[in-house]
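Novice: After the sequence you'll find the predicted model.
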Amino acid sequence: MLGHAGATGSPYTVAAVAGCCAAVPPSALGPVLAGTLTGPDARVTMRKQAARLLERLRPPGAADALLGAWRDHGLHRDVRAAVAAALRRVPDDPRAFAALEEAAGAHASEPLLRTLFQANPDEYAPAVRPRYAALVRLLLAAADGPGVRFRGRRAFQTWAGCYAGGFDDLLATVGGPADPAGDADLRILEPLVAAEVVGTEVLDVLARLLPAARRLAGRGDLVANLLAMRIAGAAGGAAGWPDEWRAVLDGLRRSPHVDVRLKAIDVDPDA
């Protein structure tokens, strides 16, 4: 069955292989799937299926076979994406995440990045989540196309609460009036503020944007709204607002170039 599926790539045969492999003793299955994954004569569809089956059935040597395929610099990019999907599901092997971190380098491709951005924190034990969050942040920097960058930002929004690497670079980008990436990175900052992962640091960002408010009205408006969200959730309501928040809010009210829509920002600063 494997030989026929590998030679023809028939979707029906490739799908049928999964049912057959489930009935094969693991000791015999591992070498056959490994050979199919790395064999030069197998069709791409069957090699992708072999990667999925190695992860799903976990015969002896499965991780070694996946890592061996990953190290092949000539590996078809769609097969590499399938191998990456399999490796991200074996976090118990420390070599798996170490290999995936290479995906931000020479191996980066849109199918690969899309595959890795699909992971969800619920799939991993709490101890593993910070490392995968760091991987998502690393891969986001390698995402070039607008579509994959959009998915990367959405992925990092999901993982941001698990990220332990700090957000200085993100805050610098959003707060840099001359940095064109700031508008896009602001979309990452928004859920961080809402989840209180990022707090008063947004004050510094807003202070850097205000002098350029005429040119950056949209970004200044969004950052101001983030600040209002943060203030609205502060304990004690208006009476509990820190003095620096009151000062920034008062400055925003006086600015003709920043249109702040949230009602929280319209509270009398002397109230």
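Specialist: The structure has been received and is ready for your questions. Numbers count the residues shown, from 1 in each chain.

Novice: quick one: contacts for Trp70?
Specialist: Arg80, Val83, Ala84, Leu87, Ala99, Glu102 (Cβ atoms under 8 Å, 6 or more residues apart in numbering). Every residue, glycine included, has its C-beta placed from N, CA and C.

Novice: Throw these into CSV and include neighbour count, distance to Ala18 and secondary structure, thanks.
Specialist: Converted to CSV, those look like this (neighbours: other Cβ atoms under 10 Å; distance: Cβ to Cβ, whole Å; DSSP: H, G, I helix; E, B strand; the rest coil):
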residue, neighbour count, distance to Ala18, secondary structure
Arg80, 22, 21, helix
Val83, 30, 17, helix
Ala84, 25, 19, helix
Leu87, 26, 19, helix
Ala99, 20, 24, helix
Glu102, 13, 28, helix
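
Novice: Rank these by pLDDT and give me only the lowest.
Specialist: Among the contacts of Trp70, Glu102 has the lowest pLDDT, at 87.

Novice: quick one: that one and Arg71, what's the gap?
Specialist: Distance from Glu102 to Arg71, counting by Cβ to Cβ, to the nearest Å: 9 Å.

Novice: Arg52 is in contact with Ala86, isn't it?
Specialist: Yes: judged on Cβ atoms under 8 Å, Arg52 makes contact with Ala86 at a distance of 6.3 Å.

Novice: These two: which is more packed in?
Specialist: Ala86 (26 against 17; other Cβ atoms under 10 Å).

Novice: ok, and what's touching whatever helix or strand that one lives in?
Specialist: Per DSSP states H and E: Ala86 is located in helix 77-87. By Cβ under 8 Å, 6+ apart, the surrounding residues in contact with helix 77-87 are 37, 44, 47-48, 51-52, 54-55, 63, 66-67, 69-70, 75, 96-97, 99-100, 103, 107, 109, 111-112, 114-116, 118.

Novice: Cool, thanks, talk later.
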